[in-house]
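A.B. asks: Dropping the sequence and predicted coords here.
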Amino acid sequence: MLHKNKLFISLCFIALSISTASAQKAPDFSLPSDNGQITLSKYKNTVVYLDFWASWCKPCLKSFSFMNSMQKKYGKKGLKIIAINLDDERSAAAKFLKQHPANFTIAYNPEGDVSTAYNLSVMPTSYLIDRQGNIIFSHKGYKDSHASSLEKKIIRTLKKR
C-alpha cells in the first residue's frame, strides 16, 4: 500500500508540474467598446480579469456585482477588468447595462471569434491574465460562493511582479 501511495504522490507532483510549467499566452484581440477600441496587448504589465458574458445569461448578471467590486478595490493596484459581450444585437447588451451598470470596460464581439480563440464553452467564463500576458486561471460559470476564492486569486496575481 505504501508503494501505491508514493506512486500516486509522484504522479500528482508530475501532473502539477506539467500544468503550472506551461503557461498559455492569452490570445490578443482588438474589439470595439463604448469608448473606442480595446486591445488586450495594450495592458501588458497589468493583471487582466477577462470575462465573457451575454444579456440572456443569468449567472452573468450575478458576476457583474463581483466585477464592479473587484475593479473598485484593485483597479488602482493594477487590475483591469474587461467583459466581452457576445450578444448578436448590441441593443440587448445596452438594455442589460442600463439596468446593471458596469464600472469596468465592456467590449463587444457579436461575431464570437474572440470567444472561439479562448475555447469558450460556458457562460460566463472568466480568465485571469498575469502581467506577462499568460492565462494563469480560468473559471466557468459564476455563483456568489465563488467570489472569495476568485478574489484571492486576483490578489495573489497582483502581488506577483
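C.D. replies: On my side now, so go ahead.

A.B. asks: can you map out the strands along the protein?
C.D. replies: Assigned by DSSP state E, the strands in the chain fall at 24-25, 30-33, 36-39, 47-53, 79-85, 105-108, 125-129, 134-140.

A.B. asks: Of the ones you listed, which is nearest residue 63?
C.D. replies: For those, proximity to residue 63 was assessed by C-beta to C-beta; strand 47-53 is nearest, at 6.5 Å. Using the backbone N, CA and C atoms, a C-beta is placed for each residue, glycine as well.

A.B. asks: can you list contacts of the closest one?
C.D. replies: Residues from elsewhere that reach strand 47-53 (C-beta atoms under 8 Å, 6 or more residues apart in numbering): 26, 40, 60, 63, 67, 70, 74, 78-86, 115, 118, 120, 123-131, 154, 157-158.

A.B. asks: looking at the strands of the chain, which is closest to residue 97?
C.D. replies: Of the strands of the chain, nearest to residue 97 by C-beta to C-beta is strand 105-108, at 6.8 Å.

A.B. asks: helices or strands next to that closest one in the packing?
C.D. replies: Judged by 3 or more C-beta pairs under 8 Å, 6 or more residues apart in numbering; DSSP states H and E, strand 105-108 is in contact with strand 30-33, strand 79-85, helix 90-99.

A.B. asks: circling back to that earlier point, tabulate the strands of the chain (JSON lines), appending mean pLDDT and mean neighbour count.
C.D. replies: Converted to JSON lines, those look like this (pLDDT from 0 to 100; neighbours: other C-beta atoms under 10 Å):
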{"stretch": "strand 24-25", "mean pLDDT": "93", "mean neighbour count": "12"}
{"stretch": "strand 30-33", "mean pLDDT": "97", "mean neighbour count": "15"}
{"stretch": "strand 36-39", "mean pLDDT": "96", "mean neighbour count": "12"}
{"stretch": "strand 47-53", "mean pLDDT": "98", "mean neighbour count": "24"}
{"stretch": "strand 79-85", "mean pLDDT": "98", "mean neighbour count": "22"}
{"stretch": "strand 105-108", "mean pLDDT": "98", "mean neighbour count": "20"}
{"stretch": "strand 125-129", "mean pLDDT": "97", "mean neighbour count": "22"}
{"stretch": "strand 134-140", "mean pLDDT": "95", "mean neighbour count": "15"}
